[in-house]
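Asker: My questions are about this predicted structure, shown below with the sequence.
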2 protein chains.
Amino acid sequence: MKLASLKKGRDGQLVVVSRDLSRYAVAEGIAETMQAALDDWSAVKPRLEQLAAKLERGEADTRRFDAAEMASPLPRAFQWADGSAYINHVELVRKARGAEVPESFYADPLMYQGGSDHFLAPTDPIPLGDDAWGLDLEGEIAVVTGDVDRGASEEKAAREIRLIMLVNDVSLRGLIPGELAKGFGFFQSKPPSAFSPVAVTPDELGDAWDGAKLSGALKIDLNGEPFGRADAGQEMTFGFDKLVAHAAKTRALRAGTIIGSGTVSNKLDGGPGKPVSEGGAGYSCIAEQRMIETIKGGKPSTSFLRDGDRVKIWMEDGEGHSIFGAIDQVVQKD
Amino acid sequence: MKLASLKKGRDGQLVVVSRDLSRYAVAEGIAETMQAALDDWSAVKPRLEQLAAKLERGEADTRRFDAAEMASPLPRAFQWADGSAYINHVELVRKARGAEVPESFYADPLMYQGGSDHFLAPTDPIPLGDDAWGLDLEGEIAVVTGDVDRGASEEKAAREIRLIMLVNDVSLRGLIPGELAKGFGFFQSKPPSAFSPVAVTPDELGDAWDGAKLSGALKIDLNGEPFGRADAGQEMTFGFDKLVAHAAKTRALRAGTIIGSGTVSNKLDGGPGKPVSEGGAGYSCIAEQRMIETIKGGKPSTSFLRDGDRVKIWMEDGEGHSIFGAIDQVVQKD
């Protein structure tokens, strides 16, 4: 089943989207909002599935699907926590500044609490206040959970994954070092993220979803050129089962919690990747490309995002059809 | 005006509470929940004020107010960000481990993004999974904002403060050093907090609220004995105007954002405080008492919270009446 939130008020209006992303039906009389559906999932899900089946049979009252009319699936959420599950990304960050990755990082996931009071819509501009902030994209996979008990096992955590979607975790690289040095984690350096227009249930993904990881290239274009083609199923050190269980270690997670994978990142022949233009899988954030430039040439040559830059993030199924619709954003300087 | 949320579902039911905390009236037909009221504050506030006036005149349909029937004013929130505005607290933390406070800490507030998918009710037990987690209370003041623009000035930020309340920011001290060492801030070390049964509008506080700081002793009893009597209006290095503006520097804040003050902490004669039993203002967290024990005697002698320990946090007006009702929680080990 594919779900989305039509732009409306602060929480959007829940709609069911056809598998081919051509049409949608408003979930009227079933659940007003995505959060309302997640709050009462076991009762609501079967009714949404009935509507989805009618939609596929052409029996529902539908409208043409246009990603530009969609908010992020949860336009605001009660929790957004982002892991850093692709340790290759962490290794590159550290290598670029000549530091080692602590052994514990391979056993204990990194995760930060993100802001969730509002998210950008998938085709909203990304506002930029100051070029010195170092605006970057981060292409990631995210899951939405139901209620997860405190201390839930990885198996139990995996069973509470309700939806999967993509995310552009917008980051202000210029503010990160100062903020992390203060010791309290990210805050000003993480303005609102944008999610894919559509969130899908695990069964919708077939073999690409193994219960904890999503396989397939996370496609990222920057100004119309291929920038990232990293496979989300490769070198993911911690699956979502582990990430959700980590988040729930000392506290229950309530329905509608979004957990992110961190920047998708692949090695190449055991070493750092190469740009897509050189036959590599490319990158899922500019910082990573800059790190590789630094490792190779002593300093970065690619600049962070500037006014007018365009970021597109999507993923295709085995037949080349978009699964989640595309995050497609243009940077807009104040 | 005093507002509270009757326990009901995930978001509670909004009620207006009498000034003396003796009665309440359900805000039926005005706003179902606290979040709904905050989402549409300019339209909803006058109607709530009418109900409050009727309540004070004895003309409303009321029930007896019992804090045990109340959830936290926002039982779950879209944002909870906690500052560390009482630098005395930070100075003590650092002094206990022989470190200096960076000069920038006096100009640039510390703030972390907290989890907000659910809060404990003010009289809920505080669950404790493991004594080694080092369960601690933190007595703080918190404000709830309306929509705050990105880049809002301190003056504008102050004008967007809708409500003021108290908070017990539950912390797991045993997990903090390891988590902060990873560099991504608090996560597992910050399980759900509890807020006072009642949140009040700024006008309700009279001269005790100067637009950015709340004066008066934050009263904390531990197992029935006075533990903290620190004045929230003293030595607050950053007022809420500065804290809210800091939070809004690179991103707008949406209605219902909760911003915390961090642990209230007073100096005594320019030095660290003394226990209430020795004539001091005491402490608003156990860690601070342990730091002072460490500074004085080389090691802490007070233990963190254990099964059955009781924490009470409240504040009184000039006539000795409770303003917000009391957070009154007992630790419950698994």
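Answerer: Perfect, I can see it now. Numbers count the residues shown, from 1 in each chain, chains lettered A, B, ... in the order given.
Asker: all helices of the stretch 51-200 of chain A, in order?
Answerer: All helices of the stretch 51-200 of chain A, identified by DSSP state H, counting those that start in this stretch, fall at A:87-96, A:154-159, A:176-181.
Asker: among those helices, which is nearest chain B?
Answerer: Chain B lies closest to helix A:176-181 among the helices of the stretch 51-200 of chain A, at 5.3 Å (Cβ to the nearest Cβ). Backbone N, C-alpha and C define where each C-beta goes, glycine included.
Asker: need the contact list for the residue in the stretch 151-300 of chain A that chain B sits nearest to.
Answerer: Per Cβ to the nearest Cβ, A:Gly185 is where the stretch 151-300 of chain A lies closest to chain B, at 1.9 Å. Residues in contact with A:Gly185 (Cβ atoms under 8 Å, 6 or more residues apart in numbering or on different chains) are A:112-113, A:179, B:112-113, B:183-186.
Asker: redo that, cut-off 7 Å
Answerer: Residues near A:Gly185 by Cβ atoms under 7 Å, 6 or more residues apart in numbering or on different chains: A:112, B:112-113, B:184-186.
Asker: repeat for A:Ile161
Answerer: By Cβ under 7 Å, 6+ apart, the neighbours of A:Ile161 are A:143, A:145, A:202, A:240, A:244.
Asker: Make CSV from those residues and add pLDDT, distance to B:Gln50 and neighbour count to it.
Answerer: Listed next are these as CSV, based on pLDDT from 0 to 100; distance: Cβ to Cβ, whole Å; neighbours: other Cβ atoms under 10 Å in any protein chain shown:
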residue, pLDDT, distance to B:Gln50, neighbour count
A:Val143, 98, 45, 25
A:Thr145, 98, 41, 27
A:Pro202, 98, 49, 20
A:Phe240, 98, 49, 28
A:Val244, 98, 46, 27
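Asker: Most widely separated two among these?
Answerer: Farthest pair in these (Cβ to Cβ) is A:Pro202 and A:Val244. Separation: 12.9 Å.
Asker: How are the strands of the stretch 201-334 of chain A distributed by residue range?
Answerer: A:218-222, A:225-228, A:258-260, A:310-315, A:327-333 (DSSP state E, counting those that start in this stretch).
Asker: Which one, of the ones you listed, ends up nearest to B:Gln50?
Answerer: strand A:258-260 (38.6 Å).
Asker: Does chain B have contacts with the closest one?
Answerer: No - using Cβ under 7 Å from any Cβ of the partner chain, strand A:258-260 stays clear of chain B, coming no nearer than 9.9 Å.
Asker: what does that strand rub up against?
Answerer: So strand A:258-260 is in contact with A:74, A:77, A:79-83, A:140, A:142-145, A:167, A:169, A:240, A:243-244, A:247, going by Cβ under 7 Å, 6+ apart.
Asker: quick one: which of the residues you listed sit in strands?
Answerer: A:80-83, A:140, A:142-145, A:167 (DSSP state E).
Asker: Report the entries of those that also contact chain B.
Answerer: Among those, the residues within reach of chain B (Cβ under 7 Å from any Cβ) are A:Ala81.
Asker: Show me which residues of the stretch 51-200 of chain A sit near chain B.
Answerer: Counting by Cβ under 7 Å from any Cβ, the stretch 51-200 of chain A sits next to chain B at A:76, A:78-79, A:81, A:110-118, A:129, A:133, A:151, A:172, A:180, A:182-188, A:191-192.
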